[in-house]
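Visitor: sequence plus the predicted model coming up.
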Amino acid sequence: ITGRLSEKDFAGKKILVTAGPTREYLDPIRFLSNKSSGKMGYALARTAARRGAEVTLLSGPVNLTPPYGVETIFIESASQLAEEVKLHSQNYDIVIMAAAVADFRPADYQKEKIKKGKQFDNFKLNMMRNSDILEGIGRHKKKRQILVGFAAESEDLLNNARDKMEKKNLDMIVANDIAGFTSDQNSVTIITKKYAKDIPLMKKTEIAGIIFDGISELLK
Ligand code: CTP
Ligand code: CA
């Protein structure tokens, strides 16, 4: 384990990190979301700032304190996140998508609270596909820009993650088992075009250090 936390090896770099879940609203008070805690993304943002980078964090709703020295912008839905990313992503040397972005949203948002009334014996929710934010950034990736994605998998971790890296034009993908979604710790596999490195169970702050060591190598 290296994690050169004391070194300012990312000085002069602009880094965009996304973190946490999204909320996809059905009506003003009801939403679909997921179990993401945001801990991995926040650890990445904090580590990047400590290592000298200028960091912007786009965060879904989480129970965490914004990292010191990091510009933190809160979003709720995947569409809001997509808007913020569109405003930001071009200006950044490194973009890390750790957010657990919802793949679908309710197709018909109801402006008034949905009443159970008598009409609903069973309630069918029609969902439509959200655009893939990371794939969009990958399509317009600038020269020398580094793109990092995460892959949340419950089976066939390595193959699925590699496919996502390819499809989204990424430089690195961090494959994690969904078992670690809410925990302070996780075991992940860091994949680049050159290697797949298994990281045993450890704290997300430590994993963040190792991820930035890998990114630092990619920048050389
Ligand atoms: N992602 C994104 N926009 C989406 C969905 C996902 O930018 N609408 C990003 C995530 O932030 C993550 C990567 O894409 O960095 C992979 O997300 P994941 O959910 O593991 O994969 P998907 O491509 O959505 O495929 P699936 O959920 O079907 O496995
Ligand atoms: Ca997904």
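Guide: Sure thing, it's come through. Ligands and ions are numbered 1, 2, ... in the order given.
Visitor: okay, and for this protein, where does confidence drop off?
Guide: Across the chain, residues meeting the criterion (pLDDT under 70) sit at 1-6, 118-120.
Visitor: all helices for this protein, in order.
Guide: 39-50, 78-88, 133-139, 157-167, 204-219 (DSSP state H).
Visitor: ligand 1 contacts on this structure?
Guide: With the criterion set to C-beta under 6 Å from any ligand atom, the chain comes near ligand 1 through 78, 97, 99, 101, 103, 130, 132-134, 149-152, 164. In this view, the C-beta of every residue, glycine as well, is placed from N, C-alpha and C.
Visitor: and if we set it to 5 Å?
Guide: Where proximity means C-beta under 5 Å from any ligand atom, the interface of the chain facing ligand 1 comprises 97, 99, 101, 130, 132, 133, 134, 149, 150, 151, 152.
Visitor: the fifth one: how many residues sit nearby?
Guide: Other residues within reach of residue 132 by the criterion other C-beta atoms under 10 Å amount to 18.
Visitor: isn't it up against residue 164?
Guide: No: taking contact to mean C-beta atoms under 8 Å, the distance of 9.9 Å between residue 132 and residue 164 leaves them out of contact.
Visitor: any common contacting residues for these two?
Guide: Common neighbours of residue 132 and residue 164, using C-beta atoms under 8 Å, 6 or more residues apart in numbering, do not exist here.
Visitor: number of residues surrounding the spatially closest residue to residue 126 that is not a sequence neighbour?
Guide: Residue nearest to residue 126 in three dimensions, not counting chain neighbours: residue 107, with 4.2 Å by C-beta to C-beta, 6 or more residues apart in numbering. Other residues near residue 107 number 11, with proximity taken as other C-beta under 10 Å.
Visitor: just the one 10 residues further on next, same as before
Guide: Taking other C-beta under 10 Å as the neighbour definition, residue 117 ends up with a count of 6.
Visitor: returning to what we had before: any chance of the helices of the chain in a markdown table, plus distance to residue 126 and mean neighbour count?
Guide: Below are the helices of the chain laid out as a markdown table (distance: least, C-beta to C-beta, whole Å; neighbours: other C-beta atoms under 10 Å):
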| stretch | distance to residue 126 | mean neighbour count |
| --- | --- | --- |
| helix 39-50 | 30 | 26 |
| helix 78-88 | 17 | 18 |
| helix 133-139 | 22 | 19 |
| helix 157-167 | 27 | 17 |
| helix 204-219 | 36 | 20 |
